[in-house]
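1. Just a sequence and a predicted model for now, questions to come.
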Amino acid sequence: MPQPWTVITRRTVIADPWLRVHAERVRTGNGNEIEPWYVIEAADWVTMVPVLPDGRIVLVEQYRHGLGRVCRELPAGNIDPGENPEQAALRELTEETGFRACAAPIALGTLYPEPARSRVSAHGYVIRCHPECGRQHLDPAEDIAVVTVTVEELYGPANGGLVHGCQLAFAHLARQHVLASQPSRP
């Protein structure tokens, strides 16, 4: 049976409000020592599958500097200190899209996007939304366009244009647990 690793030494190499990176000397469960083993800490985050009354799904498009291109995504954002994941999902939905929930979020669970090196967790929700779209409340680093797609477009061969692996997983969990029985209307 695999055994936990032991941290022998730990040195923080990056520590700022966005990210912490630690270089560790570790002993694996079978006794091997590895140095450095990098561990990344950042804010846990939420993402949601917002569903309008007509069945369309709300997505966002924004520039992602890591990829150097505009990406289509589910709305998402960091969990602020003092918030629980559900509160963060409701806040991020309104901030990024202008849409508001008309029912309690439906939890899809928690995923760990890169557990080998990162302690970050992602929480997913389906959120039924009011049909009216209000004003976005974007952060200084955000320039977001709101788009809607049908369920068929989201789950078609192009995945609605989504490229984020963790968000695709939550989209498919939503389909499996919540959206399967929902008819889509143009």
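-> Nice, thanks for sending it over.
2. pull the longest helix from this structure.
-> helix 85-97 (DSSP state H).
3. Mind giving me the packing neighbours of it?
-> Judged by 3 or more C-beta pairs under 8 Å, 6 or more residues apart in numbering; DSSP states H and E, helix 85-97 is in contact with strand 45-51, strand 57-64, strand 76-78, strand 106-111, strand 122-128. In short, each C-beta sits where N, CA and C put it, glycine included.
4. CSV for those, including mean pLDDT and mean neighbour count?
-> Below are the helices and strands packed on helix 85-97 laid out as CSV (pLDDT from 0 to 100; neighbours: other C-beta atoms under 10 Å):
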stretch, mean pLDDT, mean neighbour count
strand 45-51, 97, 26
strand 57-64, 96, 18
strand 76-78, 97, 19
strand 106-111, 97, 16
strand 122-128, 97, 23
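5. Can you lay out those as TSV showing distance to residue 136?
-> TSV is the format used below for those (distance: least, C-beta to C-beta, whole Å):
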stretch	distance to residue 136
strand 45-51	13
strand 57-64	9
strand 76-78	12
strand 106-111	23
strand 122-128	16
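6. out of those strands, nearest to residue 2?
-> For residue 2, the closest of the helices and strands packed on helix 85-97 is strand 106-111, at 20.5 Å, according to C-beta to C-beta.
7. and that closest one, which strands flank it?
-> Strand 106-111 sits in its sheet next to strand 122-128 (antiparallel), going by DSSP bridges.
8. circling back: for the longest helix of the chain, which positions count as buried?
-> 85-86, 88-97 (16 or more other C-beta atoms under 10 Å).
9. Name the nearest of those residues relative to residue 117.
-> The closest of the buried residues of helix 85-97, once distances to residue 117 are taken by C-beta to C-beta, is residue 85, at 22.0 Å.
10. Next one: that closest one from residue 4, what distance?
-> 26 Å (C-beta to C-beta, to the nearest Å).
11. Relative to its centre, which residue of the chain is most distant?
-> Distance from the C-alpha centroid of the chain, by C-alpha atoms, centre = their mean, peaks at residue 31 (35.2 Å).
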